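In: let's see this in three dimensions:
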Amino acid sequence: MEKDLISIITPMYNASKYVAQTLESVLKQTYQNWEMIIVNDGSKDNSADIVSKYTEKDSRIHLINQLNGGSAAARNNALRHARGRYISFLDSDDLWESDFLEKQIRFIKEKNATIVFASYKRIDENNNEFLRPFIVPDKVNYKSLLKTCSISCLTAMYDKEKTGEVFFNEALRSLRDDLAFWLSILKR
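Out: Now for the predicted structure:
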């Protein structure tokens, strides 16, 4: 486990329309000590070809291909390869502001936190905001997370040194696997 390395976990399924933008948002990060592990979950489009071109340009980007097993299996596959102390998630159709990782790593260290997460804007396929931003509460616990999942994979980061190895429930495939994952961490 590398001390300040952030492992970015990205499941991908038929994301050829968006994955280049997602990758560009990671490449523009002001915090540069990261690796990005993208798991192609049996895509039937040219998503893997797009990502392959990025792996040739930047050695921090890694592509793993697997048969379709759902987002839980794809995230677990990436987690097994992650070398970072800090784990962050970014789906293949999501974007980050350029200072996202810098702010998250600073906050998790300043607060000596196990998990941090943030509010986010909701955009359509043309990058136009639709709906109001999703605003998260200051803190959550196991009981409050049972009511509504305020921790989004898009903005969450956790310290693997504090949580230990944690994996998604693959039986859920892509059905609320993120909620079950965060509950398992909070239960610890």
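In: so where's this protein shaky on pLDDT?
Out: Scanning the chain for pLDDT under 70 picks out the ranges 1, 119-124, 130-131, 133-137, 175.
In: show me where it has helices.
Out: Using DSSP state H, the helices of the chain run over residues 19-27, 47-57, 71-81, 100-110, 142-147, 160-163, 177-187.
In: could you dump the first one to CSV, C-alpha only?
Out: Included here for helix 19-27 are C-alpha records, laid out as CSV according to Å, rounded to 0.1, in the frame of the first residue of the first chain:
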residue,chain,number,x,y,z
VAL,A,19,-15.4,7.7,-20.8
ALA,A,20,-12.9,10.1,-22.6
GLN,A,21,-14.4,13.0,-20.7
THR,A,22,-14.2,11.1,-17.5
LEU,A,23,-10.5,10.3,-18.1
GLU,A,24,-9.8,13.9,-19.1
SER,A,25,-11.3,15.1,-15.7
VAL,A,26,-8.9,12.8,-13.9
LEU,A,27,-5.9,13.9,-16.0
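In: and the angle from that helix to helix 47-57?
Out: In terms of direction (axes from the mean of the first three to the mean of the last three Cα atoms, to 10 degrees), helix 19-27 departs from helix 47-57 by 30 degrees.
In: quick one: helix 19-27 to chain centroid distance?
Out: The chain centre lies 13 Å from the centre of helix 19-27; the measure is Cα atoms, centre = their mean, to the nearest Å.
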